[in-house]
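Enquirer: need a 3D model of the sequence below.
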Amino acid sequence: QSPIPNPQSPIPYFLLNYKFIFLFFISLKFNLFLKMEEKEKESSSFMQNAIKERNHKKQMKFFYIAITIIFFILITVIIILQSKNKKLNKELEENEKYNIYYNIIYNNDEKISQEKRKRLFIYKEDEIANNTKNKIHISYSLDNKLTYQTLVSMISGLENNNFDSNLIIYHLLFSYDYNTSNIDIFESLKENYEVKINYYIIPPFFNNSDKWTEDTDCVYYKIILSLIFPDLERIIYLNGDTLIRKDIWEMYNYPFNDNYFLGHPYYSPEAVDKFKINAIHYINGGCLLFNLEKIRKDKKDVDLLYFTIKKNKLLKYREQDSINYIFHPKIGFLPLKYGMYMITNEHLNILSRYIRSPINLTEGYEAIKDPSIAHFSLCWPKVWTNATKHLFGHNETCFRYQKEFYYYANKTKYYSLIHSLLY
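Expert: From the prediction side, this is the model:
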């Protein structure tokens, strides 16, 4: 029996009960056990999470390594496939180039003779175009609209040749629809000059484009000169809007210095930007000296023909863009007196600021004043027309050469017809 506590005792009654004390300690220990178990569980959970995170990092590391390896394998495969594809495309492109070349030279007929292959373009020939060292070969390309202008240019060359007129061989490249009865007009030169003239009809292999508006495809014939004349080393090409005022033997024999052709600097920002041509090497296409031997040796004739046919819709200045793109940068300059376009000194000063190739202005002024070949490329209206019929009239340079043009026209028997048609 529990003693009756002294009501004045400072110890509470329930503390004196040992059962209560025992239960209290049991309860306290149990609570501590639970808390420890919770901490162990938390600790165990943290360890498990740490292990899981470590394993996850390992998995991600292996995943990244695997992805990297697969990526490099794919890149390698793509590079190999692209290389093979480029090689295949290049082969297909080369085949297409040579198909174009073959179709033009062989005219889609494998049975024609070798002689006929060489003479495919020839309509009438006075003298075989072989590489004679004592001849000057000059080529013009023309359609029905340029007959009389070309005739005057030709007679100016015959008049100003310091040697026998037999020294010059003219090669006239006609469009396929040219009126061949006009050949008699050129044949009339033989009445007063001992001159050789060869005539060529060019197949219509440039007329597959909607590019043609005012100009016909005869402007493109200069790009196939190496195909038409397989035995020539060099040839002068002239537009019909030219006058040969002095002997051009020096021009014909001018050194190429490993260039494909020589001409005069010009400005074409569209071609320079579109085809990434160095503007220093951009040349006007109206008066040129072609290195046919080098063009054939390096197979640039095929490249030139292929590029022109494939890219003709992109060409602003037609064949001029083609030859500047394909032959770049092996393009040289002729002395300005041989075919400098006839403009005023003021215009030359302005033009020289835009043309990035160096122009000797002193040489340019002299070329405008007294050229060996006058090229009326930038004269509008043209030198043979009546300036009073046009709003702007001639510039002073063109007007000065108009009298000279009709001086040479008067040496033909077609002067009255030329004056009535052109003036």
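Enquirer: quick one, strands of the stretch 101-250 of the chain?
Expert: Remark: strands assigned in the stretch 101-250 of the chain by DSSP state E, counting those that start in this stretch are 122-124, 136-142, 168-174, 196-201, 234-238, 242-244.
Enquirer: to residue 252, which of the ones you listed lies closest?
Expert: strand 136-142 (4.7 Å; Cβ to Cβ). Just so you know, the C-beta spots here come from the backbone N, C-alpha and C atoms, and that holds for glycine as well.
Enquirer: partner strands of the lengthiest strand in the chain, with direction?
Expert: Scanning the chain for the strand with the most residues, using DSSP state E, yields strand 283-291. Paired strands of strand 283-291, with direction, are strand 234-238 (antiparallel), strand 261-265 (antiparallel) (DSSP bridges).
Enquirer: identify each buried residue in stretch 231-248, please.
Expert: Buried residues in stretch 231-248, counted by 16 or more other Cβ atoms under 10 Å: 232, 234-248.
Enquirer: oh sorry, the question was meant for stretch 323-330
Expert: In stretch 323-330, counting by 16+ other Cβ under 10 Å, buried: 323, 324, 325, 326, 327, 328, 330.
Enquirer: only C-alpha atoms, please: export stretch 373-386 in CSV.
Expert: What follows is stretch 373-386, C-alpha atoms only, in CSV (Å, rounded to 0.1, in the frame of the first residue of the first chain):
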residue,chain,number,x,y,z
ILE,A,373,40.6,50.6,-134.3
ALA,A,374,37.6,52.8,-133.4
HIS,A,375,34.8,50.8,-131.6
PHE,A,376,31.5,52.6,-131.3
SER,A,377,30.2,50.4,-128.4
LEU,A,378,29.1,53.3,-126.2
CYS,A,379,27.9,55.6,-129.0
TRP,A,380,24.2,56.0,-129.1
PRO,A,381,22.8,56.7,-131.6
LYS,A,382,25.3,54.8,-133.7
VAL,A,383,27.9,56.6,-135.7
TRP,A,384,26.2,55.9,-139.1
THR,A,385,22.8,57.5,-138.1
ASN,A,386,21.5,61.0,-138.5
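Enquirer: reduced to three states, what does residue 374 come out as?
Expert: Taking DSSP: H, G, I helix; E, B strand; the rest coil as the rule, one finds residue 374 in the strand state.
Enquirer: how close does it sit to residue 156?
Expert: Distance of residue 374 to residue 156, given as Cβ to Cβ, to the nearest Å: 9 Å.
Enquirer: joint contacts of the two?
Expert: Here residue 374 and residue 156 have 243, 245 as joint contacts, going by Cβ atoms under 8 Å, 6 or more residues apart in numbering.
Enquirer: who has more neighbours out of the two?
Expert: Neighbour count, other Cβ atoms under 10 Å: between residue 374 and residue 156, residue 374 has more, with 29 against 23.
Enquirer: list the contacts for the residue nearest to that one when sequence neighbours are not counted?
Expert: Excluding the flanking residues, the one nearest residue 374 by Cβ to Cβ, 6 or more residues apart in numbering is residue 243, at 4.5 Å. Residues in contact with residue 243 (Cβ under 8 Å, 6+ apart) are 152, 153, 156, 373, 374, 401, 404, 405, 408.
Enquirer: report the angle between the longest strand of the chain and strand 136-142.
Expert: Taking axes from the mean of the first three to the mean of the last three Cα atoms, to 10 degrees, one finds strand 283-291 and strand 136-142 inclined to each other by 140 degrees.
Enquirer: any idea which helix or strand comes after strand 283-291?
Expert: Downstream of strand 283-291, the first helix or strand assigned by DSSP states H and E is helix 292-297.
Enquirer: so for stretch 306-320, what gets flagged as buried?
Expert: 306, 307, 308, 309, 312, 315, 317, 318, 319, 320.
Enquirer: pLDDT-wise, what's the bottom of the residues you listed?
Expert: Comparing pLDDT over the buried residues of stretch 306-320, the lowest score belongs to residue 312 (72).
Enquirer: burial count for residue 187?
Expert: Neighbour count for residue 187, taken as other Cβ under 10 Å: 14.
Enquirer: what sits against it?
Expert: Per Cβ under 8 Å, 6+ apart, neighbours of residue 187: residue 197.
Enquirer: just residue 221 next, same as before
Expert: Residue 221 sits next to 141, 173, 202 when contact means Cβ under 8 Å, 6+ apart.
Enquirer: which among the buried residues of stretch 306-320 gets closest to residue 124?
Expert: residue 319 (24.8 Å).
Enquirer: the closest one contacts residue 224, doesn't it?
Expert: No - using Cβ atoms under 8 Å, residue 319 is not in contact with residue 224; the gap is 9.8 Å.
Enquirer: all helices for the stretch 51-200 of the chain, in order.
Expert: Secondary structure of the stretch 51-200 of the chain, counting by DSSP state H, counting those that start in this stretch: helices at 114-118, 147-159, 183-187.
Enquirer: between these, which one is closest to residue 299.
Expert: Per Cβ to Cβ, nearest to residue 299 of the helices of the stretch 51-200 of the chain: helix 114-118, 17.8 Å.
Enquirer: pLDDT (mean, whole number) over that closest one?
Expert: On average, helix 114-118 scores 50.
Enquirer: next one: stretch 183-201
Expert: On average, stretch 183-201 scores 92.
Enquirer: counting neighbours, what do you get for residue 169?
Expert: With other Cβ under 10 Å as criterion, residue 169 counts 22.
Enquirer: cool, and residue 182?
Expert: With neighbours defined by other Cβ under 10 Å, the count for residue 182 comes to 15.
Enquirer: mind checking how far the residue nearest to residue 374 is from residue 345?
Expert: Applying Cβ to Cβ to residue 243 and residue 345 gives a distance of 19 Å.
Enquirer: contacts only, for residue 155.
Expert: With Cβ under 8 Å, 6+ apart, residue 155 has these contacts: 189, 193, 408, 411, 412.
Enquirer: what about it, distance to residue 405?
Expert: Using Cβ to Cβ, residue 155 is found at 11 Å from residue 405.
Enquirer: next: residue 198.
Expert: On the measure of Cβ to Cβ, residue 198 and residue 405 end up 25 Å apart.
Enquirer: assumed residue 340 was part of a helix.
Expert: No - looking at residue 340 with three-state DSSP, it is strand, so not inside a helix.
Enquirer: what about residue 368, which helix or strand?
Expert: According to DSSP H and E, residue 368 maps onto helix 361-369.
Enquirer: quick one: mean pLDDT over that helix.
Expert: The model assigns helix 361-369 a mean pLDDT of 84.
Enquirer: check which helices and strands it is in contact with.
Expert: Packing contacts for helix 361-369, counted by 3 or more Cβ pairs under 8 Å, 6 or more residues apart in numbering; DSSP states H and E, involve strand 338-341, helix 345-354.
Enquirer: having no further points to raise, I will conclude here.
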